[in-house]
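1. Okay, structure incoming, though there's no sequence with it:
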């Protein structure tokens, strides 16, 4: 009887916590696949994985970071499993951080440059600009030291600039 009550309490805690961050998790998944249905599938799969792990864990200290990491890993696995199919109509979806004043062509160039990054590197850009996390919060989500996050982030930014410059040269 006591075990059953503990299980029900954990289920309720997990449900409440996931409900409070579901939009954030969706935006995070969407940044990887740029498709509404695939993003929902990723969040669903990540929620299931999180539920199973939450039931076994004694406590989860930073639930948001922990679930974000599960969504990131699930999204990376998903993109590796599936061929990269990008639906152009989904590029009109609004993200958390919009780039004001940028033309559609510039946004497409940016998304194409992002798609050229390794999925692990893409996580840094998505967490910083689309989810608006600080370097400290990114370090918690990615389970790496803050200084490592900063150095990798700036290396990835340099790589993105190279990709964007290459894109400009190709279009001229």
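-> Yep, that arrived. Since this is a predicted model, take the numbers as computed values, not measurements. Numbers count the residues shown, from 1 in each chain.

2. From the centroid of this protein, which residue is nearest?
-> Residue closest to the average C-alpha location in the chain (Cα atoms, centre = their mean): residue 28, at 3.3 Å.

3. residue contacts, that residue?
-> 68, 71-72, 75, 126-127, 130-131 (Cβ atoms under 8 Å, 6 or more residues apart in numbering). The C-beta positions use only the backbone N, C-alpha and C, and glycine is treated the same way.

4. Kindly reformat those as a markdown table containing distance to residue 107 and pLDDT.
-> Below are those laid out as a markdown table (distance: Cβ to Cβ, whole Å; pLDDT from 0 to 100):
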| residue | distance to residue 107 | pLDDT |
| --- | --- | --- |
| 68 | 24 | 91 |
| 71 | 23 | 94 |
| 72 | 22 | 92 |
| 75 | 20 | 92 |
| 126 | 15 | 87 |
| 127 | 19 | 88 |
| 130 | 13 | 82 |
| 131 | 18 | 83 |
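
5. Could you pull up the mean pLDDT of whichever helix or strand residue 28 is part of?
-> For residue 28, the host element (DSSP states H and E) is helix 2-33. Across helix 2-33, pLDDT averages out at 84.

6. buried set for that helix?
-> Using 16 or more other Cβ atoms under 10 Å as the test for burial, helix 2-33 gives 14, 17-18, 24-33.

7. how about stretch 30-48: buried residues?
-> 30-35, 38-39, 42-43, 45-47.

8. centre of the chain versus it, how much separation?
-> Centroid separation between stretch 30-48 and its chain, computed with Cα atoms, centre = their mean, to the nearest Å, is 9 Å.

9. Next: stretch 53-69.
-> With Cα atoms, centre = their mean as the basis, stretch 53-69 stands 16 Å off its chain's centre.

10. Also stretch 63-77?
-> 7 Å.

11. now do stretch 49-65
-> Relative to the centre of its chain, stretch 49-65 is centred 18 Å away, using Cα atoms, centre = their mean.

12. Begin at 44, not 1, for the rest of this chat.
-> Happy to do that; since the first residue is 44 now, the last one works out to stretch 92-108.

13. mean confidence for it?
-> Stretch 92-108 comes out at a mean pLDDT of 82.

14. residues in contact with it?
-> 50, 53-54, 56-57, 60-61, 64, 67, 109-110, 113, 117, 180, 183-184.

15. Helices along the chain, start to end?
-> Counting by DSSP state H, one finds helices in the chain at the ranges 45-76, 79-99, 106-124, 147-159, 162-168, 178-185, 189-214.

16. Kindly reformat the buried residues of stretch 73-91 as a markdown table containing distance to residue 148.
-> Formatted as a markdown table, the buried residues of stretch 73-91 follow (distance: Cβ to Cβ, whole Å):
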| residue | distance to residue 148 |
| --- | --- |
| 73 | 21 |
| 74 | 20 |
| 75 | 22 |
| 76 | 22 |
| 77 | 16 |
| 78 | 21 |
| 81 | 24 |
| 82 | 24 |
| 85 | 28 |
| 86 | 30 |
| 88 | 34 |
| 89 | 33 |
| 90 | 36 |
